[in-house]
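Enquirer: got a structure for you, letters missing:
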């Protein structure tokens, strides 16, 4: 590229956050404008990754490497491959959407909110680009503080409880991962270089211990059943932008961790533990779906649907075959798009009603027809309607699941039926039936709200109708990952 594109994408939001520090806090228009400008420029700076990525190569691309702390062989080492590049693009896309959805919703401590938003974007992109464990861990932990603040300061009535629960769950898992990283350092030639550590073979017992150390961090982040209980609380209390970041990117990092680290570093342990991981995944799919059927809160229902959808993702990953792995990666992107959009839509109607209770609504389609159309599209994408993006990911995962275990594939397929039941029942209760008097005066979506959702609509249709654009990024990297699993 001729310039450090990954560093540019990571540090543009940081520069934006630093610039916000010198803007007077009462100048909210300038604060919002600068935040939107830097998130948009960050997205534009990330686009060369899409257009210049060599899809025929399994190697890391756009690599940047500099000596950082030579005494410990710590490097500033960045690069992306077919597994990580799409997550960088998704993170960059959601940045400006989060700024726009918060435009009128955030009224207190506006300056601090946008600083936190910019910093968390930088940390998320850094996680997906890091090829040095020390650097990766810094970015991984750096996400905690701004997200803790976003939930704890700008969240709902139980925001402090939810923020502390999120922080403790995530930190506990991360500490165990840190221990695992240190053990890897001493057993892998005294280096934090991730690619160098992947090139070595470790004894089976050590692999097993390290697998569980890393599992602690990744399973909490996914979140896998039964470590999922922080997610509904965090989603319910977080402001809309916080929920979009959580659903769109943050919970993908756990599944990404399994793909990037657990599978290539601990192949024998992964193969031994794969049946257990598939069992946990199937439980998450069915349990998450059934819990959705009894929810009375819009955000809580979508939060539990994430537990079910991420169960599909981990099922695909631990199927350990081409279809399952590619389906899992694509479904992470799909889930980020669709669930992010659903949280945006909940935020849009919450600004009008200040209620998330499903029983508060009825007949919304009559009063807000444009809003109802957007919600229907993303509802159908969520349940995997052919022609929309949710279908191809779930199809590949179930195909991979059947190849690994007929029983797991069959049970996972029931999750699609449950998913259709809770989403269509939600739509029927909220949008149809008689119009309630308290919603009769609501205004339909404005231009800003339509602009926020249009990029996600395009992606839903693009991936649904021509998924090969995105699958082609990951083919070679996934093949290489399978070779590492079965040398």
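Expert: Right, received. Where do you want to start? Being a predicted model, the structure only gives us computed values, none of them experimental.

Enquirer: From here on, just use CA atoms for contacts and neighbour counts.
Expert: Fine.

Enquirer: what residue ranges in this protein score low on pLDDT?
Expert: For the chain, residues meeting the criterion pLDDT under 70 lie at 1, 487.

Enquirer: so where's the longest helix in it?
Expert: Identified as the longest helix of the chain according to DSSP state H is helix 322-353.

Enquirer: Determine the set of other helices and strands touching that helix.
Expert: If you count contacts as 3 or more CA pairs under 8 Å, 6 or more residues apart in numbering; DSSP states H and E, helix 322-353 packs onto helix 85-101, helix 240-245, helix 298-319, helix 369-382, helix 389-404, helix 447-465, helix 468-485.

Enquirer: how about the last one: buried residues?
Expert: Within helix 468-485, the residues scored as buried using 16 or more other CA atoms under 10 Å are 470-471, 473-482, 484-485.

Enquirer: For residue 267, state which of those residues is nearest.
Expert: Closest approach to residue 267 among these (CA to CA): residue 485, at 5.0 Å.

Enquirer: residues in contact with that closest one?
Expert: Residues in contact with residue 485 (CA atoms under 8 Å, 6 or more residues apart in numbering) are 263, 264, 267, 268.

Enquirer: And residue 365, by the same measure?
Expert: Contacts were defined as CA under 8 Å, 6+ apart; by that measure residue 365 touches 371, 372, 431, 432.

Enquirer: Please convert the residues you listed to TSV, extending it with neighbour count and distance to residue 118.
Expert: Listed next are these as TSV, based on neighbours: other CA atoms under 10 Å; distance: CA to CA, whole Å:
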residue	neighbour count	distance to residue 118
371	21	28
372	21	31
431	22	35
432	16	39
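
Enquirer: Sort out which one of those residues lies nearest residue 164 for me.
Expert: Closest approach to residue 164 among the contacts of residue 365 (CA to CA): residue 371, at 34.1 Å.

Enquirer: The closest residue in space to that closest one that isn't next to it in sequence: how many residues sit nearby?
Expert: Nearest residue to residue 371, sequence neighbours excluded (CA to CA, 6 or more residues apart in numbering): residue 445, at 6.0 Å. Number of residues near residue 445 (other CA atoms under 10 Å) recorded here: 18.

Enquirer: secondary structure element for residue 445?
Expert: Assigned by DSSP states H and E, residue 445 belongs to no helix or strand.

Enquirer: Isn't it up against residue 372?
Expert: No: Residue 445 is not in contact with residue 372 according to CA atoms under 8 Å; the separation is 9.7 Å.

Enquirer: Where does residue 31 sit, in terms of helix or strand?
Expert: Per DSSP H and E, residue 31 falls inside helix 28-52.

Enquirer: gap between the next helix or strand along the chain from that helix and the chain center?
Expert: Next helix or strand after helix 28-52 toward the C-terminus (DSSP H and E): strand 61-69. In terms of CA atoms, centre = their mean, to the nearest Å, the centre of strand 61-69 is found 25 Å from the chain centre.

Enquirer: swap in stretch 232-243?
Expert: 14 Å.

Enquirer: Quick check: end-to-end length of it?
Expert: End-to-end distance for stretch 232-243, by CA to CA, to the nearest Å: 10 Å.

Enquirer: residues in contact with that stretch?
Expert: 98-99, 101-102, 147, 150-152, 154-159, 162-163, 166, 246, 299-300, 303-304, 340, 343-344, 346-347.

Enquirer: Would you quantify the distance from the residue lying farthest from the centre of the chain to residue 362?
Expert: Ranked by distance from the centre of the chain (CA atoms, centre = their mean), the top residue is residue 437, with 37.4 Å. According to CA to CA, residue 437 and residue 362 sit 9 Å apart.

Enquirer: do residue 421 as well
Expert: Distance, residue 421 to residue 362, by CA to CA: 18 Å.

Enquirer: ok, the two, which is more surrounded?
Expert: Neighbours per residue (other CA under 10 Å) separate residue 421 from residue 362, with residue 362 holding more: 23 against 16.

Enquirer: what's the more buried one sitting at in phi/psi?
Expert: Dihedral pair for residue 362: phi -180, psi 130, per degrees, to the nearest 10.

Enquirer: List the contacts of the nearest residue to it once chain neighbours are set aside.
Expert: Spatial nearest neighbour of residue 362, chain neighbours left out: residue 430 (4.7 Å); criterion: CA to CA, 6+ apart. Residue 430 makes contacts with 358, 359, 361, 362, 363, 364, as judged by CA under 8 Å, 6+ apart.

Enquirer: Among those residues, name the ones in strands.
Expert: If you go by DSSP state E, the contacts of residue 430 have nothing in strands.

Enquirer: The residues you listed, buried ones only, as a PyMOL selection?
Expert: The buried subset of the contacts of residue 430, as determined by 16+ other CA under 10 Å, is captured in PyMOL by this line:
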select buried, resi 358+361+362+363+364
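
Enquirer: Distance to residue 206 added to the contacts of residue 430, as a markdown table?
Expert: Below are the contacts of residue 430 laid out as a markdown table (distance: CA to CA, whole Å):
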| residue | distance to residue 206 |
| --- | --- |
| 358 | 49 |
| 359 | 53 |
| 361 | 54 |
| 362 | 57 |
| 363 | 58 |
| 364 | 57 |
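
Enquirer: Which of the contacts of residue 430 sits closest to residue 450?
Expert: Nearest to residue 450, judged by CA to CA, of these is residue 364 at 17.0 Å.

Enquirer: Against residue 165, how distant is that closest one?
Expert: Counting by CA to CA, the gap from residue 364 to residue 165 is 34 Å.

Enquirer: same thing with residue 25?
Expert: Taking CA to CA as the measure, residue 25 falls 30 Å from residue 165.

Enquirer: ok, now residue 34?
Expert: Residue 34 is 32 Å from residue 165, by CA to CA.

Enquirer: With residue 482 instead?
Expert: In terms of CA to CA, residue 482 sits 36 Å off from residue 165.

Enquirer: now residue 36
Expert: According to CA to CA, residue 36 and residue 165 sit 30 Å apart.

Enquirer: Which one's more surrounded, the two?
Expert: Between residue 36 and residue 165, counted using other CA under 10 Å, residue 36 has the larger neighbour count: 22 against 18.

Enquirer: Surely the more buried one touches residue 93?
Expert: No: Residue 36 lies out of contact with residue 93 (CA under 8 Å); the separation is 11.7 Å.
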